[in-house]
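> pasting the sequence and the predicted coordinates here, then a few questions.
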Amino acid sequence: MLGPYRDVLARPGALAFSAAGVIARLPMSMVGIGIVLMIEAVHGSYGLAGSVSAVSVLAQAVCSPQLARLVDLHGQARVMRPAIAVSATALVTLVLCTVGGAPVWTLYVAAGAAGATIGSFGALVRARWSHLLDDPRSVHTAYSLESALDELVFVVGPILATTLATSVAPSAGLVVPVVGMLVGGFWFLAQRATQPPPHPRPAPTGSDGRPQARRSVMRSWGMVVLAVVFVAMGAIFGATDVSTVAFAEEDGRPGLAGVVLAVFACGSMISGLLYGARHWTTPLWQRFAVGMVALAVGASLFVLVDTMVVLAVVMFVAGFAIAPTLINGNGLVQHFVPRERLTEGLTWVGTSLGVGVSLGSWLAGTLIDRQGSHGGYLVVVGAAVLAVLAVAASLRALRSGTADLGETETGVAATPEGTAAESAPSREA
């Protein structure tokens, strides 16, 4: 099973940038919960903590695609080095303002600045793989590896942040993500040999010769479908997290919530590694649709949970559908955006997932207050149904391949077999 992974990691520079990418991605699983734990401990308000965390998430959702567009135009190092410095400084400022008793508005400003400049290292890593590998099967394996590493980050990050915040100091949960951002991020960006080349493009002009605004990759109907589905998937994850914490408290064992959530991520990590070790001939869009249905079936089992043991089993089984579906979704991005704008496309689906997590957490929390933990699990089921309906209604768009963005760029087209094929002589996706 490990053979395909050894092959891709044996490429020059691959192991180094993948390892650096794991460290640089620690903030994505630690910043949100770190902010909540710190502010709640200092100010005694979950409402304030949740709203400050939400500002960070929304700022990231709005600004990350714009950062990604700049990355595609000017290169990863040139754009992300100053962005990382600003984001780390903003997180440190947030800690100082919280501990020092600064006005509440400063917390929102610092959290917004941190989220707006944090970017998406998952997209940067995957863009490097697409640049380094010229075989769609190898790209599939590499994307599977990165999805498994994403799950590893989500296993380790929340537990580490919670342990530090509760046993060391309320602000300690944000120290590791700041260090990870700086150490992992600058190590990753220092590896210039594997960096995709920038693709500066002249601004498009109209028939009258006047410059026009560059069209977003979201003009592709396939990208719109992926964004909607990823929002729904994020809502599944966000609602599951909150509902599991509530269920553990109702069961009198709140300390087991983190363990059960780790089981959820472990199931996904194992399935991702197994999925990536096999080469598939089924069209990619079909695998994505089947995976989404499987995830919905697994999510529907949450309404039957009545003990922590049953919950752990259900979460492990449901987790098996997560990584393959995310892998296929990220793979489909290559079919809908030109290769010169791959980072932007990958970032859009990543931020859509983050928006869904915040939305699902909020909706689940609202129902939990009224109906208990099972009310939160109803949000999980509803989000899963929405995702399946969106996929079912848009199969033609998922199958169609690259959409015309109206710009003179070389794109990636979907073949009937579901592999990536480019019209340019050299392949990068």
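Yep, that arrived.

> and the helix ranked longest in the chain, what's buried?
Longest helix in the chain, counting residues (DSSP state H): helix 136-167. By 16 or more other C-beta atoms under 10 Å, the buried positions in helix 136-167 come out as 136-162, 164-165. Glycine gets a C-beta too; all of them are placed from N, C-alpha and C.

> over to stretch 382-394?
In stretch 382-394, the ones that count as buried by 16+ other C-beta under 10 Å are 382, 383, 384, 386, 387, 388, 390, 391, 394.

> which residues sit against that stretch?
221-222, 225, 228-229, 232-233, 235-236, 239, 288-289, 292-293, 295-296, 299-300, 356, 360, 398 (C-beta atoms under 8 Å, 6 or more residues apart in numbering).

> what about burial for those residues, which qualify?
In terms of neighbour count (16+ other C-beta under 10 Å), the buried residues within the contacts of stretch 382-394 are 222, 225, 228-229, 232-233, 235-236, 239, 288-289, 292-293, 295-296, 299-300, 356, 360, 398.

> elements contacting the helix or strand hosting residue 296?
Using DSSP states H and E, residue 296 falls within helix 284-300. With contacts taken as 3 or more C-beta pairs under 8 Å, 6 or more residues apart in numbering; DSSP states H and E, helix 284-300 sits against helix 221-250, helix 308-319, helix 322-336, helix 373-393, helix 395-400.

> right, so those helices: which one is the most enclosed?
Highest mean neighbour count among those (mean count of other C-beta atoms under 10 Å): helix 322-336, with a mean of 27.

> that one: how far from the chain's middle?
Chain-centre distance of helix 322-336: 12 Å, with C-alpha atoms, centre = their mean, to the nearest Å.

> mind checking what helix or strand follows it in sequence?
Next in sequence after helix 322-336, counting helices and strands by DSSP H and E, comes helix 342-371.

> run a quick neighbour tally on the residue nearest to residue 325 when sequence neighbours are not counted.
Counting by C-beta to C-beta, 6 or more residues apart in numbering, residue 325 lies nearest to residue 291, which is 3.6 Å off, once chain neighbours are set aside. The tally of other residues near residue 291 (other C-beta atoms under 10 Å) stands at 23.

> now residue 291: how far from residue 144?
Distance, residue 291 to residue 144, using C-beta to C-beta, to the nearest Å: 12 Å.

> likewise for residue 156?
Residue 156 is 19 Å from residue 144, where distance means C-beta to C-beta.

> how about residue 83?
For residue 83, the distance to residue 144 (C-beta to C-beta) stands at 28 Å.

> where does pLDDT dip in this structure?
1, 46, 201-215, 255, 401-429 (pLDDT under 70).

> spatially central residue in it, please.
In the chain, the residue lying closest to the centroid (C-alpha atoms, centre = their mean) is residue 350, at 4.0 Å.

> for it, which non-adjacent residue is spatially closest?
residue 120 (4.8 Å).

> so what's the backbone phi/psi at the one you found?
Residue 120 has phi and psi values of phi -140, psi 100 when expressed as degrees, to the nearest 10.

> do residue 191 as well
Per degrees, to the nearest 10, the backbone of residue 191 is at phi -90, psi 80.

> how many residues are close by it?
Neighbours of residue 191 (other C-beta under 10 Å): 17.

> and residue 278, by the same measure?
12.

> repeat for residue 115
Count around residue 115 with other C-beta under 10 Å applied: 27.

> buried ones in the helix or strand where it lies?
Take DSSP H and E as the rule and residue 115 turns out to sit in helix 104-117. The neighbour-count check on helix 104-117 (16+ other C-beta under 10 Å) flags 107, 108, 109, 110, 111, 112, 113, 114, 115, 116, 117 as buried.
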